[in-house]
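Enquirer: here are the coordinates; sequence isn't available:
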């Protein structure tokens, strides 16, 4: 892993959703340095330089984490708990992206410190718009603590 | 034995006195005896009374024991019944939770592939546009339309199932204000040219958000099904009947055949094709469920080509 600034960490087990999200971000010319991991434990490995990502410079933090909630093994809520419970990662904005507003985890996600909670629109237009708006908001407009 | 003459004289006197005393004592004795006899009789009577009382007490005691046993049995029954209630409640709660997670899974897992269908069709359209002729583009459009429709269906079904579990929170609802707000929202979503008339609508006690859904559904239906008329008109009226308030929404649209009226409120039941009038067939089922949750009634009257009127009554 090199030291190029990572803009977005996409944690998404659904390859279709991931492909569509990546396409949306690149169409709006944001998130050029995007890392996609397919489950919760890889996300944690990436952030803390463990497992497959051993030796990665963990101070090279993503500017934004897009986190799916429903994932096999370690789910989004667990990932969120770890991220927000750790000095190294707790300031990274986490946008929870999920398919359902039925989700009983909305409240829990906010309580754990999720910065935003987005229900993925079914229509492609809506989905593309949502992802690129999220990207530009967090990567272009939002001011981080330096 | 020597006796003094004077003493001799004395003798009869003393005898007399003694005799009198004896007579007196005798009288006294007789009195006492009579008294004793009376007292004895009294005692006998009292004794009989007591025996009676004792018998009564024994019977009463038996009765009490019997009643006690009955009460114990009742208490046991009550305990058993309440145990059953607790068990049933637990079962219902777990069934509810299962439903909850089921509908979550449905909404999550059914939506994901839909998004992919929609998305990849769109990518084809965007990236391979030059390879498609007009028919190819139309077909791609159909793929996307249907994916979108399926999304709406899932949403409608979910909100229908969620309603079953939702508890209603009753407040005072001003139906004039509510109807006004609903009409503005409908007008913004789908511009229409219907004339909508309503005078003073009676207020009611109901769940505000749910009443909004009822009115949104019934009014958008009225507007939708009269949209092909030259002068579509919708009228909302309310009246009090006994302890019920009846609201009605009347339109001059396509109406329906009363023969199929019972199908109006079924899930996925439609009396018109989606080509004619778009819709998922869940709206009226939702409305009916809301009205029933308020212990109200809903029904409709109509005639093919001559408009429809939907009524719902709510308890005051």
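Expert: Cool, the structure landed. Just so we're clear, the structure is a prediction, and the values are computed from it rather than from any experiment.
Enquirer: Strands along the chain, start to end?
Expert: You didn't say which chain, so I picked chain A. Listed in chain order, the strands of chain A (DSSP state E) span A:8-11, A:34-37, A:64-68, A:94-98, A:116-119.
Enquirer: actually it's chain B I care about, not the one you picked
Expert: So, for chain B - with DSSP E - the strands run B:170-173, B:195-198, B:204-207, B:233-241, B:244-251, B:297-302, B:308-315.
Enquirer: closest one to residue B:35 among those strands?
Expert: Taking C-beta to C-beta, strand B:308-315 is the member of these nearest to residue B:35, at 81.0 Å. (Each C-beta comes from the backbone N, C-alpha and C, glycine too.)
Enquirer: hmm, back to that, now the strands of chain A in CSV, please, with extra columns for distance to chain B, mean pLDDT and mean neighbour count.
Expert: Converted to CSV, the strands of chain A look like this (distance: least, C-beta to the nearest C-beta, whole Å; pLDDT from 0 to 100; neighbours: other C-beta atoms under 10 Å in any protein chain shown):
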stretch, distance to chain B, mean pLDDT, mean neighbour count
strand A:8-11, 15, 93, 26
strand A:34-37, 16, 92, 19
strand A:64-68, 10, 93, 26
strand A:94-98, 7, 90, 24
strand A:116-119, 9, 88, 18
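Enquirer: With distance to residue B:203 added, can I get those in TSV?
Expert: Formatted as TSV, the strands of chain A follow (distance: least, C-beta to C-beta, whole Å):
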stretch	distance to residue B:203
strand A:8-11	50
strand A:34-37	55
strand A:64-68	46
strand A:94-98	40
strand A:116-119	35
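Enquirer: Which of those sits closest to residue B:290?
Expert: strand A:116-119 (23.7 Å).
Enquirer: Give me the sheet partners of that closest one and which way each runs.
Expert: strand A:94-98 (parallel) (DSSP bridges).
Enquirer: got the angle for the partner strand vs strand A:64-68?
Expert: Per axes from the mean of the first three to the mean of the last three C-alpha atoms, to 10 degrees, the angle that strand A:94-98 makes with strand A:64-68 is 30 degrees.
Enquirer: ok, which stretches of chain A are helices?
Expert: Applying DSSP state H to chain A gives helices spanning A:15-27, A:40-48, A:76-84, A:105-111, A:124-136.
Enquirer: still on that earlier bit, nearest to chain A, of the strands of chain B?
Expert: strand B:204-207 (19.7 Å; C-beta to the nearest C-beta).
Enquirer: partners of the closest one, with directions?
Expert: strand B:170-173 (antiparallel).
Enquirer: got the contact list for the partner strand?
Expert: With C-beta atoms under 8 Å, 6 or more residues apart in numbering or on different chains as the test, strand B:170-173 has contacts from B:203-208, B:211, B:294.
Enquirer: Repeat the analysis, applying 7 Å as the threshold.
Expert: For strand B:170-173, contacts defined as C-beta atoms under 7 Å, 6 or more residues apart in numbering or on different chains pick out B:203-208, B:211.
Enquirer: Can you pick out the most distant pair from these?
Expert: With distances taken as C-beta to C-beta, the most widely separated pair in those is B:203 and B:207, at 13.9 Å.
Enquirer: Just want to know which of those two has more residues nearby.
Expert: residue B:207 (19 against 16; other C-beta atoms under 10 Å in any protein chain shown).
Enquirer: Tell me the bridge partners for that one.
Expert: Here residue B:207, judged by DSSP bridges, has bridge partners residue B:170.
Enquirer: just checking, it touches residue B:166?
Expert: No - shown here, residue B:207 and residue B:166 do not form a contact pair, counting by C-beta atoms under 7 Å, at 8.4 Å.
Enquirer: Dump the strands of chain B to a markdown table, plus mean pLDDT.
Expert: A markdown table is the format used below for the strands of chain B (pLDDT from 0 to 100):
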| stretch | mean pLDDT |
| --- | --- |
| strand B:170-173 | 92 |
| strand B:195-198 | 90 |
| strand B:204-207 | 92 |
| strand B:233-241 | 93 |
| strand B:244-251 | 93 |
| strand B:297-302 | 92 |
| strand B:308-315 | 93 |
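Enquirer: picking up where we left off before, select from the contacts of strand B:170-173 the one having the most neighbours.
Expert: Within those, neighbour counts (other C-beta under 10 Å) peak at residue B:206, which reaches 26 neighbours.
Enquirer: Relative to residue B:231, how far out is the closest residue to that one other than its chain neighbours?
Expert: Residue nearest to residue B:206 in three dimensions, not counting chain neighbours: residue B:173, with 5.1 Å by C-beta to C-beta, 6 or more residues apart in numbering or on different chains. For residue B:173, the distance to residue B:231 equals 31 Å [C-beta to C-beta, to the nearest Å].
Enquirer: and residue 110, what pLDDT?
Expert: I went with chain A, as the question did not name one. Residue A:110 is assigned a pLDDT of 91 by the prediction.
Enquirer: Let me rephrase: I mean chain B.
Expert: 80.
Enquirer: surely it meets residue B:157?
Expert: No - counting by C-beta under 7 Å, residue B:110 does not reach residue B:157; the two are 9.6 Å apart.
Enquirer: re earlier: could you dump the contacts of strand B:170-173 to TSV with distance to residue A:19?
Expert: Shown next, in TSV, are the contacts of strand B:170-173 (distance: C-beta to C-beta, whole Å):
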residue	distance to residue A:19
B:203	53
B:204	51
B:205	52
B:206	47
B:207	42
B:208	43
B:211	43
